[in-house]
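Trainee: model this:
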Amino acid sequence: QVQLVESGGGLVQAGGSLRLSCVASGSFIRINAMGWYRRAPGKQRELVATATSGGSTNYVDSVKGRFTISRDNAKNTVYLQMSSLKPEDTAVYYCNANIKRLLVLPGSDYWGQGTQVNVSS
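Mentor: Below is the predicted model of the structure:
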């Protein structure tokens, strides 16, 4: 069993900052890529940022320069530091991880339960 548990969401004023955390727990061999997605009201889920186990990162254009994804591989944790937040960043943010549980099988995607981020104008 693998679980991803997010924390750090909340309400913040425009221009403010929040840091999201996501911890992976359970029985597994390796965590491959980890990332953050979000779903805003009335919109489809979108990729926000990803980080490979080797440290490569990728961001959606709308958050470049404002959000930073990082990982602590020893703690099986991924973070999303969000700065200069805008009302359009309001969404439920979901943690995603591609996790390898068995040597003979490829990694599988796992999701957290989501954490709400509200940015007021």
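Trainee: check the secondary structure at the most centrally placed residue in the chain for me.
Mentor: In the chain, the residue lying closest to the centroid (Cα atoms, centre = their mean) is residue 36, at 2.6 Å. Three-state assignment for residue 36 (DSSP: H, G, I helix; E, B strand; the rest coil): strand.
Trainee: other residues contacting stretch 10-19?
Mentor: For stretch 10-19, the surrounding residues in contact (Cβ atoms under 8 Å, 6 or more residues apart in numbering) are 8-9, 79-87, 116-121. Every C-beta, even on glycine, is put in place using the N, C-alpha and C of the backbone.
Trainee: mind redoing it with 10 Å?
Mentor: 7-9, 20, 66-68, 70, 79-90, 93, 115-121 (Cβ atoms under 10 Å, 6 or more residues apart in numbering).
Trainee: give the buried subset of those as a PyMOL selection command.
Mentor: To isolate the buried members of the contacts of stretch 10-19 in PyMOL, using 16 or more other Cβ atoms under 10 Å:
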select buried, resi 8+9+20+67+68+79+80+82+85+89+90+93+115+117+118+119
